[in-house]
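In: The sequence isn't on hand, but the structure is:
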């Protein structure tokens with residue numbers, strides 16, 4: 001069964017694990033998000049371990065650059 005993306009209460013943290021990164025990106029499941037990592041979504045800035053011990057994390061600012069480049073001072077054409 002696929003893991004659901006989780007939207008936190010309060011504010012978004014600066015570093016997002018799989019479930020939070022998927023939710024922040026607007027994906028319904030982690031699997032959907034992971035299938036687009038490296039094409040639409042950036043690769044994680046931390047990726048260690050294997051299997052169940054795998055740890056991945058994305059910077060919220062890296063996802064922001066893809067979601068709305070103009071809001072973070074970037075150019076949409078640069079991405």
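Out: Arrived safely, thanks for sending. Computed from a predicted model, the values in this text were never measured in an experiment.

In: Please count neighbours and contacts with C-alpha atoms only from this point.
Out: Noted.

In: The longest strand belonging to the chain pairs with which strands, parallel or anti?
Out: Secondary structure of the chain per DSSP state E: the longest strand is strand 55-59. Under the criterion DSSP bridges, strand 55-59 sits next to strand 15-16 (antiparallel), strand 46-48 (antiparallel) in its sheet.

In: Check the secondary structure at the residue sitting nearest the centre point of the chain for me.
Out: Nearest to the geometric centre of the chain sits residue 21, at 3.3 Å (CA atoms, centre = their mean). Using DSSP: H, G, I helix; E, B strand; the rest coil, the structure places residue 21 in helix.

In: Now do the contacts for it.
Out: 5, 57-58, 60 (CA atoms under 8 Å, 6 or more residues apart in numbering).

In: and if you look at residue 22?
Out: Going by CA under 8 Å, 6+ apart, residue 22 touches 5-6, 28-30, 32-34.

In: Compare the strands paired with strand 55-59 and give me the one nearest residue 64.
Out: strand 15-16 (12.0 Å; CA to CA).

In: Which residues does the closest one contact?
Out: Against strand 15-16 from outside (CA under 8 Å, 6+ apart): 57-60.

In: who wins for neighbours among the residues you listed?
Out: residue 58 (22 neighbours; other CA atoms under 10 Å).

In: so that one touches residue 44, yeah?
Out: Yes. Between residue 58 and residue 44 there is a contact under CA atoms under 8 Å: 4.6 Å.

In: re the thing from before, for the contacts of strand 15-16, give me TSV that also has distance to residue 13 and pLDDT.
Out: Below are the contacts of strand 15-16 laid out as TSV (distance: CA to CA, whole Å; pLDDT from 0 to 100):
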residue	distance to residue 13	pLDDT
57	11	97
58	10	97
59	9	96
60	7	95
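
In: circling back: let me know which of the strands paired with strand 55-59 is tucked in deepest.
Out: strand 15-16 (a mean of 18; mean count of other CA atoms under 10 Å).

In: now it, how far from the chain's geometric center?
Out: Distance of strand 15-16 from the chain centroid (CA atoms, centre = their mean, to the nearest Å) equals 8 Å.

In: Alright, that wraps it up for me.
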